[in-house]
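Enquirer: structure for this input, please:
(chains A and B)
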Amino acid sequence: MLDINLIVNNTKYVHDALLKKGFDVDFKNVIELYNKRKDLIVKNDELKTEKNKLSASVPVVKKQGGNIQEIFEKVKDLNKKIDEYDAELKKVEEDIRNFLSPLPNMPDDDLLPGEKENNKVIKEFGKKPEFNFKAKDHVELCESLGLIDYERAAKISGRGTWLYTGLGARLEWALLNYFIDTHINDGYKFILPPHILNEESGYTAGQFPKFKQDVFWLEGTEPKKFILPTAETALVNIHRNEILKEENLPEKLFAYTPCYRCEAGSYRTEERGMIRGYQFNKVEMFQYATEKNSKQSFEELVDKACKLVERLGLHFRLSKLAAGDCSHSMARTYDVEVWIPSMGIYKEVSSASNANDYQARRGNIRYKDKETGKIKYCHTLNASGLATSRVLPALVEQCQNEDGSVTIPEVLRKYMGGIEKIYPINK
RNA sequence: GGAGAAGUACCCAAGAGGUCGAAGGGGCUCCCCUGCUAAGGGAGUAGGCUUGUAAAAGGGCGCGAGGGUUCAAAUCCCUCCUUCUCCGCCA
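Expert: Residues are numbered from 1 along each chain as shown, chains lettered A, B, ... in the order given. Here you go, the predicted structure:
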């Protein structure tokens, strides 16, 4: 949620910022509503003051034997007007909210406007692996190594799903354990949240109203509930409607959950295998920060995401996204993109973002400033750390050998009983 | 799923229609006393949103949430949420 005061006082700035995200917003109406709201409050409060005074005088007048009925009538008249103002005020505030809530976050000043074409690669890590044999793609490799069973997954669930089998499941679990252990060592608190969330949680995260179509809704729940599309949705809501202490910030969390997404009609032929699915595993990092330290938190999250991939020995790059390619709720996003040799492209394995106070405003998540004692909105940040469904394909493809085997990265071996290589199974 | 009980400030808790922003503790801050500690004594400290203003003063709203009754609601009524206890059902 954007700050209405900023919109009123600095309209052009906000307008131009949103323009970078491709939103040309006319604020004239909200500003009018905003002024109308103030006007109503002032007038209404005057009436309420009068009413309160009259009401409070009743016991006194009664004692003195004065005319109470007269006061009752006066207050009744006042109440009529107050009710009218209250109703009008409620409507105006609802209108303001309805206007603001679908608007995206403002991008940070240093972001380039526009979409993907303006993303900038900041850094490349490692080198593209060169194969002096015919390299296989991950779908073929996973099948020949017995890691993934797509056909039976389709049978029991449907397309867009897969079954980790045997060493495939162990490899997946090893990745998750590797991520989890790393975060614990870095002092992040491990959270296992519920996967079924209420609608307000989606709203606070900024995913609703925009992405209501993209999550799975449960039937028969009242009030309505949905299955989380990312652990971020749960994590950002932990402190909803709370005032945190500055000395406890930044609060660093991480969670493991599967992510459930409708992704309706988004399949492309290139996205075979597990590049895009209805359910994938992800470890998510999250920080509640102050406005002062959120930049530092962001750097830390980006660095952590990079290190995770780096220690797997994979070739990848880090990109700074242009304003229009940042998530709806985010002021700034860097993507960690891993090289998928068969596709000849880089695919996102981590998206590190700073929402600034956008989500905090929606969820009323605040902290008390130690020095001034003032209440301020938190900054919220998240970064995948990491999503396995892109890492595993990259890993098997980048680490494949001529004999069809795949070498397990060093850091994962302790989670896999010391296995160094996975060999093709004989059918 | 059924039946009960409860939700008041940082915490515990009083309050049962009018002067209640809300007693009393605890905590916290400062001071005194004791060689130090434990203990004791004194004083202070009550949130948040909003309006208003140069800043203030002042005002409005807040006792789980939302409605209602009333001239007047923490207090009465309704709905919902949450927590606890008991019973049932089920992995």
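Enquirer: quick one: the strands in the stretch 101-250 of chain A?
Expert: Taking DSSP state E, counting those that start in this stretch as the criterion, the stretch 101-250 of chain A carries its strands at A:120-125, A:148-149, A:163-164, A:189-191, A:196-198, A:216-217, A:225-227, A:243-245.
Enquirer: partners of the last one in the sheet?
Expert: So that's strand A:243-245. Taking DSSP bridges as the criterion, strand A:243-245 pairs within the sheet with strand A:366-368 (parallel).
Enquirer: hmm, the strand it pairs with in reach of RNA strand B?
Expert: Yes: judged by Cβ under 7 Å from any atom of the strand, strand A:366-368 comes into contact with RNA strand B through A:366, A:368. Bear in mind the C-beta positions are built from the backbone N, C-alpha and C, glycine included.
Enquirer: for that strand, buried residues please.
Expert: For strand A:366-368, the neighbour count (16 or more other Cβ atoms under 10 Å) marks A:366, A:367 as buried.
Enquirer: ok, back up a step: Throw the strands of the stretch 101-250 of chain A into a markdown table and include mean neighbour count and mean pLDDT, thanks.
Expert: Shown next, in a markdown table, are the strands of the stretch 101-250 of chain A (neighbours: other Cβ atoms under 10 Å; pLDDT from 0 to 100):
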| stretch | mean neighbour count | mean pLDDT |
| --- | --- | --- |
| strand A:120-125 | 13 | 95 |
| strand A:148-149 | 22 | 94 |
| strand A:163-164 | 18 | 94 |
| strand A:189-191 | 13 | 93 |
| strand A:196-198 | 16 | 89 |
| strand A:216-217 | 14 | 90 |
| strand A:225-227 | 20 | 89 |
| strand A:243-245 | 13 | 84 |
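Enquirer: closest one to RNA strand B among those strands?
Expert: Taking Cβ to the nearest atom of the strand, strand A:243-245 is the member of the strands of the stretch 101-250 of chain A nearest to RNA strand B, at 6.3 Å.
Enquirer: re the thing from before, mind putting the strands of the stretch 101-250 of chain A into TSV with distance to RNA strand B?
Expert: Formatted as TSV, the strands of the stretch 101-250 of chain A follow (distance: least, Cβ to the nearest atom of the strand, whole Å):
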stretch	distance to RNA strand B
strand A:120-125	37
strand A:148-149	24
strand A:163-164	21
strand A:189-191	17
strand A:196-198	8
strand A:216-217	17
strand A:225-227	10
strand A:243-245	6
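Enquirer: would you turn the ones you listed into TSV with distance to residue A:348?
Expert: Compiled in TSV, these are given as follows (distance: least, Cβ to Cβ, whole Å):
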stretch	distance to residue A:348
strand A:120-125	13
strand A:148-149	20
strand A:163-164	21
strand A:189-191	23
strand A:196-198	23
strand A:216-217	21
strand A:225-227	21
strand A:243-245	30
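Enquirer: to residue A:423, which of those strands lies closest?
Expert: Among the strands of the stretch 101-250 of chain A, strand A:148-149 comes nearest to residue A:423, with 15.7 Å by Cβ to Cβ.
Enquirer: so which bits of the stretch 251-400 of chain A are right by RNA strand B?
Expert: Residues of the stretch 251-400 of chain A that fall close to RNA strand B, judged by Cβ under 7 Å from any atom of the strand: A:366, A:368, A:373, A:375.
Enquirer: next one: the stretch 51-200 of chain A
Expert: Close to RNA strand B, as judged by Cβ under 7 Å from any atom of the strand, the stretch 51-200 of chain A has residues A:51-52, A:54-56, A:58-60, A:62-63, A:71-72, A:75-76, A:79.
Enquirer: what about the residue of the stretch 51-200 of chain A found nearest RNA strand B, how many residues close to it?
Expert: With Cβ to the nearest atom of the strand as the measure, residue A:75 is the residue of the stretch 51-200 of chain A nearest to RNA strand B, at 3.0 Å. A count of nearby residues for residue A:75, using other Cβ atoms under 10 Å, gives 17.
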